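Undergrad: Got a sequence here, can you build the structure:
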Amino acid sequence: MDKIKQLIQAIQPLMAYPYHTRVHKLKTFNSPYLACYVKRDDELSFGLSGSKLRKYLSLIPYLLNSNITTAILMGGSHSNNILSLSQLLIENGIEPQLFLLGDKNSLLRGNLLLTRLLVPEKNIQWVSRQAWPQVASMAQNYVDKLGKKSTYVIAEGASVFPALPGALTLALDILQNERFIAKQFDHIFIDAGTGLMAIATILAFSWLRKEVRVHVLLLAEDETAFLQKLALFKLEFEKLIDEKLAMEFILKQIRFYRPTKAKAFGSTSSAIFKAIHSMAQQEGFLTDPIYSAKLFMEVPLIIEKQKLSGNALVIHSGGGLSLMGFSEPLIKQVLKDIE
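TA: Prediction:
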């Protein structure tokens, strides 16, 4: 059987939502040797944050098929994943219980404000930064005390095995984009928080033997943590396709990078908001300061430094709703136009 059809058949029964997005050429990132495109996963949904929706394609059906009635979510108080997944859980009659980094007196703005519209205070456990490294065990202890088999703990960023089939749709969708524009992408640029979307794309293309370089911007974890997680999800992917993958070929595909500005996860800078403003005016789409703006800042630097050629695709992972929490620095950028 054709491998693409085999992969589609392996994951298609799990899909619950639309997942196709378009690509179009960028005006500002091109060179005489390279044509650069953007994949508009930011257009997948308004309330559900970009590429994250892909993970929920298979995660939500898994929870429903497992008769889960309560889901434990962990993340920052302004997390895109917390906001997005809470919506789908409520829609499907699953109660979200949140373990949030911060405290109950946090300023209600941005994603936190929207999350609080969805989830009542009684469903929120606030965790200090000092205690955050133990949040996973805290969540599991909470489940053990409940003693309910119908409760499921979802790791940060929904980086769990049931989300892998949905995450694989990004690679399949890119292949559809290639057929539509009649071009093959030689380079793919993607940001990585927990890293599942990047991992799923790398695994799919490795199995399909697609000759492509995947450039991963590590925003939350380091290279060692990413590769450890890759090895775990590789085993799960091999169960899905009933075939072994060679790690040597997988590793040849990957290049790792760290942000050159605001290197700490969640941090921002005036340069990032300047880049958001610039991308909006020059390319006509919005990026967020935690993920996508950092990626779009790094891509031209990587292209120039490595003298890349061929066709490149930048994955716009979404996250636009998080801009609501950064009105002050964005207003400063707008006012500079007036001065």
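Undergrad: What pLDDT does the model give the closest residue to residue 201 other than its chain neighbours?
TA: Leaving aside its chain neighbours, residue 201 sits nearest to residue 171 (4.8 Å; criterion: C-beta to C-beta, 6 or more residues apart in numbering). No exception for glycine: its C-beta is placed from N, CA and C like everyone else's. Per-residue pLDDT puts residue 171 at 96.
Undergrad: got it, and residue 14?
TA: In this model, residue 14 carries a pLDDT of 55.
Undergrad: and stretch 54-68, average pLDDT?
TA: 93.
Undergrad: Buried residues of it, list them for me.
TA: Using 16 or more other C-beta atoms under 10 Å as the test for burial, stretch 54-68 gives 54-63, 68.
Undergrad: Return the member of the residues you listed nearest to residue 158.
TA: residue 55 (4.8 Å; C-beta to C-beta).
Undergrad: Residue 132 against residue 101, yeah?
TA: Yes: using C-beta atoms under 8 Å, residue 132 is in contact with residue 101, at 5.4 Å.
Undergrad: More neighbours: those two, which one.
TA: For residue 132 and residue 101, the more surrounded residue by other C-beta atoms under 10 Å is residue 101, and the numbers stand at 21 against 16.
Undergrad: That one: what's it in contact with?
TA: Residue 101 sits next to 75-77, 127, 129, 132, 135 when contact means C-beta atoms under 8 Å, 6 or more residues apart in numbering.
Undergrad: got the phi/psi numbers for it?
TA: phi -70, psi 120 (degrees, to the nearest 10).
Undergrad: Kindly report the same for residue 217.
TA: Torsion angles, degrees, to the nearest 10, at residue 217: phi -90, psi 110.
Undergrad: Where do the domain boundaries of this structure fall?
TA: Per automatic domain parsing, the structural domains of the chain span 3-50+162-338, 53-161.
Undergrad: For residue 249, state which of the contacts of residue 101 is nearest.
TA: For the contacts of residue 101, the nearest to residue 249 is residue 75 (33.2 Å; C-beta to C-beta).
Undergrad: Provide the secondary structure category for the closest one.
TA: At residue 75 the chain is in strand, as set by DSSP: H, G, I helix; E, B strand; the rest coil.
Undergrad: So for it, what's the nearest residue that isn't a sequence neighbour?
TA: residue 82 is the one closest to residue 75 (C-beta to C-beta, 6+ apart), at 4.6 Å.
Undergrad: And for residue 67?
TA: residue 150 (5.8 Å).
Undergrad: ok, the one you found - contacts?
TA: Residue 150 neighbours (C-beta under 8 Å, 6+ apart): 67-70.
Undergrad: what about it, distance to residue 98?
TA: 18 Å (C-beta to C-beta, to the nearest Å).
Undergrad: related to what we said a few turns ago, just give me the closest of the contacts of residue 101 to residue 328.
TA: Set against residue 328, the nearest of the contacts of residue 101 by C-beta to C-beta is residue 77 (17.8 Å).
Undergrad: Show the model's pLDDT score for the nearest residue to that closest one once chain neighbours are set aside.
TA: In space, and not counting its chain neighbours, residue 77 is closest to residue 102: 4.1 Å by C-beta to C-beta, 6+ apart. Looking at residue 102, its pLDDT is 89.
Undergrad: Provide the count of other residues in contact range of residue 102.
TA: 17.
Undergrad: That one and residue 126 touch, don't they?
TA: Yes: between residue 102 and residue 126 there is a contact under C-beta under 8 Å: 6.1 Å.
Undergrad: now the host helix or strand of residue 302: how far from the chain's centre is it?
TA: Assessed by DSSP states H and E, residue 302 sits inside helix 292-306. Distance of helix 292-306 from the chain centroid (C-alpha atoms, centre = their mean, to the nearest Å) equals 18 Å.
Undergrad: In terms of secondary structure, what does the helix or strand following that helix contact?
TA: Remark: after helix 292-306, the chain's next helix or strand is strand 310-316, criterion DSSP H and E. Applying 3 or more C-beta pairs under 8 Å, 6 or more residues apart in numbering; DSSP states H and E, one finds that strand 310-316 makes contact with strand 34-40, helix 169-181, strand 187-192, helix 292-306.
Undergrad: ok, the third one: who's next to it in the sheet?
TA: By that I understand strand 187-192. strand 213-218 (parallel), strand 310-316 (parallel) (DSSP bridges).
Undergrad: Counting by contacts, list what the helix or strand following the longest one packs against.
TA: Per DSSP H and E, strand 310-316 leads on to helix 327-338 as the next helix or strand towards the C-terminus. Helices and strands in packing contact with helix 327-338 are listed as helix 270-283; criterion 3+ C-beta pairs under 8 Å, 6+ apart.
Undergrad: The helix it packs on to helix 327-338, inter-axis angle?
TA: 60 degrees (axes from the mean of the first three to the mean of the last three C-alpha atoms, to 10 degrees).
Undergrad: for helix 270-283, what is the average pLDDT?
TA: Mean predicted lDDT for helix 270-283 stands at 93.
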